[in-house]
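Chemist: the following comprises the amino acid sequence and a computationally predicted model.
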Amino acid sequence: PITQTLKEKAKFKIGAAVKMRDLQGEANYKNAVLKHYSQITAEFEMKMASIWTSSTAYNFTAADYLVGFAKDNNLEVHGHTLVWYDSFPEWFKNAKYDSIAFESKVKVYITDVVGRYKGRVKSWDVVNEVFADGGAMRNETVINSLFKDPIGFYGRCFRYAKAADPDAKLFYNDYSVALDAGKRASIKKMVTRFKANGVPIDGIGDQFHYATDTNRQTMKTGFTDMASTGLLIHISELDIKVNTSKSDSYVFTDTEAQKQAETYKYITTLYEELPQAQKFAISTWGVTDKYTWLTTFWNSKEYPLLLDADYNKKPAYHGFLEGLK
Ligand code: G3I
């Protein structure tokens with residue numbers, strides 16, 4: 001039979017991080033999104049740095065475009081991300097608000113953004129990347145340095161999002177959740193506190209920015225522990241590095257492509273072991289090797305996604321499919 005596409009075979013959403021520039025500028029990119037994916041995440045356009053242009057104005061142009069594109073093409077939208085220390089706009093940081101003013105402005109921002117897309121953006125990464133490796137609070141100077149009880153602030157942000165759209169699924173998102181036992185312990189402690197206090201959290205995202213040499217037993221143990229929270233589980237930014245030594249002379253051979261396919265298959269097999277009620281989505285962080293963030297942030301010779309630079313399916317695409325039930 002003709003090979004099914006990712007979204008045809010999966011019993012949960014298959015998402016991709018997309019850029020407005022690429023959707024508008026490249027027909028092959030847009031067609032690949034429509035062919036293989038059932039959900040989109042804005043790689044940048046729905047973050048504070050993109051929307052919150054000044055204390056008196058928002059710029060929703062790009063976010064509106066993506067939400068409109070999704071609606072026109074029957075795609076879901078996963079909102080990424082409301083509160084992230086790394087995406088506060090410069091003007092906001094320079095204002096040096098005290099914690100009261102800081103929180104009242106963030107509350108208005110969350111209310112305005114979630115309210116604008118109520119009923120159209122069905123899920124949000126309310127909070128992103130709060131913990132450092134090992135599980136201590138991240139040592140950043142935007143949020144954690146301002147609040148004596150940062151977790152309390154983050155919990156209130158979930159409440160603000162819930163109030164703005166009671167039907168939206170609200171996630172905490174972070175990287176290396178499955179691999180970093182200390183970080184995972186801190187996340188689980190936060191989830192326990194949130195549940196005890198009635199904070200409306202529905203899910204956890206592990207970004208899964210992993211590699212062909214990521215230890216699979218560690219991944220499995222951690223993923224299972226993450227699932228023990230009982231929350232929706234989102235593999236939220238999946239890409240699998242192949243150039244694990246960051247070599248400028250790396251060659252993506254057939255053998256390397258096969259290793260990557262096996263890693264993707266391992267991950268989708270692992271995800272399928274979740275109880276159906278905890279399945280939400282697997283989202284890749286990008287559509288094509290042509291536009292991966294990793295060629296900038298890792299090495300120019302990196303090929304982490306399911307489609308190659310010409311939008312052809314790689315062995316990784318078939319490996320991903322094979323793991324799906
Ligand atoms: O195009 C804009 C330009 O108009 C603007 O003036 C300028 C100043 O802010 O930014 C330009 O946008 C760049 C944007 O990517 C383009 O899409 C930003 O400089 C650049 O910082 C941004 O990088 C993104 C990064 O998050 C920071 O937001 C990457 O594309 C994106 O892949 C990366 O994604 C993150 C997830 O959100 C969280 N998990 C980790 C992941 C990888 O770092």
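Modeler: Yep, it's here. All values reported here derive from a predicted model rather than from experimental measurement.
Chemist: what parts of the protein come near the ligand?
Modeler: Counting by C-beta under 6 Å from any ligand atom, the chain comes close to the ligand at 19, 43-44, 47, 49, 87, 128, 207, 237, 293. Any C-beta I mention is one placed from the backbone N, CA and C, and that applies to glycine too.
Chemist: pLDDT score for Ser145?
Modeler: Turning to Ser145, the model gives it a pLDDT of 92.
Chemist: count of neighbours near it?
Modeler: Applying other C-beta atoms under 10 Å, we find 12 residues neighbouring Ser145.
Chemist: circling back: are any of the residues of the chain next to the ligand buried, and which?
Modeler: Among the residues of the chain next to the ligand, those classed as buried by 16 or more other C-beta atoms under 10 Å are 19, 43-44, 47, 87, 128, 207, 237, 293.
Chemist: which of those residues sits closest to Ala32?
Modeler: Closest approach to Ala32 among these (C-beta to C-beta): Lys19, at 12.9 Å.
Chemist: tell me who's in contact with that closest one.
Modeler: Lys19 sits next to 42-45, 291 when contact means C-beta atoms under 8 Å, 6 or more residues apart in numbering.
Chemist: return the member of these nearest to Val114.
Modeler: Closest to Val114, out of all of the contacts of Lys19 and judged by C-beta to C-beta, is Ala42, at 14.2 Å.
Chemist: spatially nearest residue to that closest one (excluding sequence neighbours)?
Modeler: Leaving aside its sequence neighbours, Ala42 sits nearest to Leu66 (C-beta to C-beta, 6 or more residues apart in numbering; 5.2 Å).
Chemist: and the helix or strand hosting that neighbour, C-alpha only, in CSV?
Modeler: Using DSSP states H and E, Leu66 maps to helix 61-72. Output in CSV follows, covering the C-alpha atoms of helix 61-72 (Å, rounded to 0.1, in the frame of the first residue of the first chain):
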residue,chain,number,x,y,z
THR,A,61,0.4,40.2,12.8
ALA,A,62,2.6,37.1,12.7
ALA,A,63,0.7,35.2,15.3
ASP,A,64,-2.6,36.0,13.6
TYR,A,65,-1.2,34.8,10.3
LEU,A,66,-0.2,31.4,11.8
VAL,A,67,-3.5,31.0,13.6
GLY,A,68,-5.4,31.9,10.4
PHE,A,69,-3.3,29.6,8.3
ALA,A,70,-4.0,26.8,10.8
LYS,A,71,-7.8,27.5,10.7
ASP,A,72,-7.9,27.7,6.9
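Chemist: residues making contact with that helix?
Modeler: With C-beta under 8 Å, 6+ apart, helix 61-72 has contacts from 18, 20, 23-24, 40, 42, 45-46, 50-51, 75-77, 113, 117, 120-121.
Chemist: buried stuff in it?
Modeler: Neighbour-count burial for helix 61-72 flags 62-63, 66-67, 69-70 (criterion: 16+ other C-beta under 10 Å).
Chemist: what are the contacting residues of the helix or strand just after that helix?
Modeler: Per DSSP H and E, the first helix or strand lying C-terminal to helix 61-72 is strand 76-83. With contacts defined as C-beta under 8 Å, 6+ apart, strand 76-83 is touched by 13, 15, 17, 38-42, 46-48, 66-67, 70, 87, 106, 109-110, 113-114, 117, 120-128, 143, 154, 157, 161, 168, 173, 234, 236, 281, 283.
Chemist: start to end distance for stretch 13-28?
Modeler: From its first residue to its last, stretch 13-28 covers 21 Å (C-alpha to C-alpha, to the nearest Å).
Chemist: so which residue is dead centre in this protein?
Modeler: Per C-alpha atoms, centre = their mean, the C-alpha nearest to the average position across the chain is that of Ser236, at 3.6 Å.
Chemist: which of the three states applies to it?
Modeler: Following DSSP: H, G, I helix; E, B strand; the rest coil, we place Ser236 in the strand state.
Chemist: now for Ala181, how many residues are close by?
Modeler: Ala181 has 16 neighbouring residues, counting by other C-beta under 10 Å.
Chemist: ok, now which ones touch it?
Modeler: Ala181 touches 222, 225, counting by C-beta under 8 Å, 6+ apart.
Chemist: great, nothing more from me.
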